[in-house]
Each structure stands twice: as structure tokens, then as C-alpha cells.
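In: this one's sequence-less:
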């Protein structure tokens, strides 16, 4: 079973109230081959909500208590992000998820890059809290860009 960030399946749960629908991922959920979840919503955050970034370190630093997740308006939302990641892990385990396609750059779901905590659009190498927790628990994490390339290659191979 595959886990997918809910925003990638067309669910309007992003911080700005929009989605980032990727049709093949949505179809995987619709056909029962994948499960969608939004860690930030699972953590009790509303939609829409202020943008948030990891400030003062990495996702691992947040888990260790040495960094925080803050909104652009200065609200500390670390506990909600941690709770959401933990709830997503519970759902992943219950569904038997071994691979998760998570939203790139997100402070929850980013798997390769995240925003740097300055709210200036700059990115740094790193993971979001959910991506880091999933990896620590043996779940492979990719983003929608990597997944799209894999799906396209798979489709091309099927046509040859």
C-alpha cells in the first residue's frame, strides 16, 4: 500500500486552501491502491492557515526539541506538526504503507528540500517532520516529482 499527501490527490488542504492534484496519484487513491492523508490537518491545523517553516534547524532537530515549526506570523505550531506526523504514522502502519509520496518542500512532507525558516522562499536540503518520522520507521519517502518521473517511465515501458 502507498501513502499519498492528500493535497496531491486534489483535496484542498494546503495552507492556502488549495490542492496540488496529480491525476495519477488521485487515481491510485480512487482505485484503492493508495491512502491519502494530510499530517497538518491530522495535527488539528485549519485550512487555510498561515504558512509555516522549520526554524532553527532541521526536522530531526525539531524531534529532538532543538528547533521549532513557526508560522509567518510568529505562532509556534511545533506540537501540531509533531502530532500530525505521529497520527500519519499510525494511519500508515494501520494501512500497511511501505512507500509514501509526500508533497515536496513542505515543513511536514518535504522529502528532499524544505524552506529555510526565513519565509523568503529560500530552500535548503532537508525533510519535513512527517517525512523524517516515516523514514525513521522504515517507510520509503519520495516526492511528487520523483513519483511522476517513475510513473511516466512505467507507462512508457508498458507501451514498448
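Out: Okay, I see it. Keep in mind it's a predicted model, so treat the numbers as computed, not measured. Residues are numbered from 1 along each chain as shown.
In: what does the pLDDT read for the spatially most central residue of the chain?
Out: By CA atoms, centre = their mean, the chain has its centre lying nearest to residue 109, at 2.1 Å. According to the prediction, residue 109 has pLDDT 98.
In: can you confirm it is in a strand?
Out: No: Residue 109 sits outside any strand when classified using DSSP: H, G, I helix; E, B strand; the rest coil, being coil.
In: identify the residues contacting it.
Out: Residue 109 sits next to 5, 39, 102, 103, 128, 130, 131, 143 when contact means CB atoms under 8 Å, 6 or more residues apart in numbering. Bear in mind the C-beta positions are built from the backbone N, C-alpha and C, glycine included.
In: what's the closest of the residues you listed to residue 32?
Out: Residue 32 has its nearest neighbour among the contacts of residue 109 in residue 5, at 17.6 Å by CB to CB.
In: any idea how many residues pack against the nearest residue to that closest one once chain neighbours are set aside?
Out: Sequence neighbours aside, residue 103 is the residue nearest to residue 5 in space, at 4.2 Å (criterion: CB to CB, 6 or more residues apart in numbering). Here the number of neighbours of residue 103 (other CB atoms under 10 Å) works out to 26.
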